[in-house]
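**Q** Sequence first, then the predicted structure:
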Amino acid sequence: MKVLYVRTSQPGKNTNLFIDLLNALKHPLNSGTLRDLRERIRGTLKEYQVKLLTVDDAHILKRNAMVKLIKIHDDLKIPVVMYSLFG
């Protein structure tokens, strides 16, 4: 099973989430408009045949970024696990 682990960065907006995902995928094109990043994420996740997406530090994600993760799940049928460890 191909699992992608990504640790979110501050402040957890949509653009930051997409850049974090592309960096985790080691995809060199991690800049552009939000629409470009969204399409690049969808295509790259399909191309790499990712079967599970795990998101660390999910507590810092903004609501819209979480909605984007739900959209990835709905569109690509990839389970998304969000977790956060408070210390």
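**A** Yep, that arrived.

**Q** what's the distance between the residue most central in space within the chain and residue 15?
**A** For the chain, the residue whose C-alpha lies nearest the mean C-alpha position (C-alpha atoms, centre = their mean) is residue 21; its distance is 4.3 Å. Separation of residue 21 from residue 15 (C-beta to C-beta, to the nearest Å) stands at 11 Å. In this view, the C-beta of every residue, glycine as well, is placed from N, C-alpha and C.

**Q** Let me know the helix or strand that residue 53 is in.
**A** Element membership of residue 53 [criterion: DSSP states H and E] is strand 52-56.

**Q** looking only at pLDDT, what's the mean for that strand?
**A** For strand 52-56, mean pLDDT rounds to 94.

**Q** Show me what it is packed against.
**A** Strand 52-56 sits against strand 3-7, helix 63-76, strand 80-83, with contacts defined as 3 or more C-beta pairs under 8 Å, 6 or more residues apart in numbering; DSSP states H and E.

**Q** Same list (these) but as a markdown table, adding mean neighbour count and mean pLDDT.
**A** What follows is the helices and strands packed on strand 52-56, written out as a markdown table (neighbours: other C-beta atoms under 10 Å; pLDDT from 0 to 100):
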| stretch | mean neighbour count | mean pLDDT |
| --- | --- | --- |
| strand 3-7 | 14 | 93 |
| helix 63-76 | 15 | 92 |
| strand 80-83 | 14 | 92 |
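
**Q** can you put the ones you listed in a markdown table and add distance to residue 35?
**A** Shown next, in a markdown table, are these (distance: least, C-beta to C-beta, whole Å):
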| stretch | distance to residue 35 |
| --- | --- |
| strand 3-7 | 20 |
| helix 63-76 | 12 |
| strand 80-83 | 21 |
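
**Q** Alpha carbons of the strand holding residue 53, as CSV, please.
**A** In CSV, the C-alpha atoms belonging to strand 52-56 read as follows (Å, rounded to 0.1, in the frame of the first residue of the first chain):
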residue,chain,number,x,y,z
LEU,A,52,-3.7,6.4,2.2
LEU,A,53,-3.0,10.0,3.1
THR,A,54,-1.9,10.7,6.7
VAL,A,55,-1.8,14.3,7.9
ASP,A,56,0.1,15.2,11.1
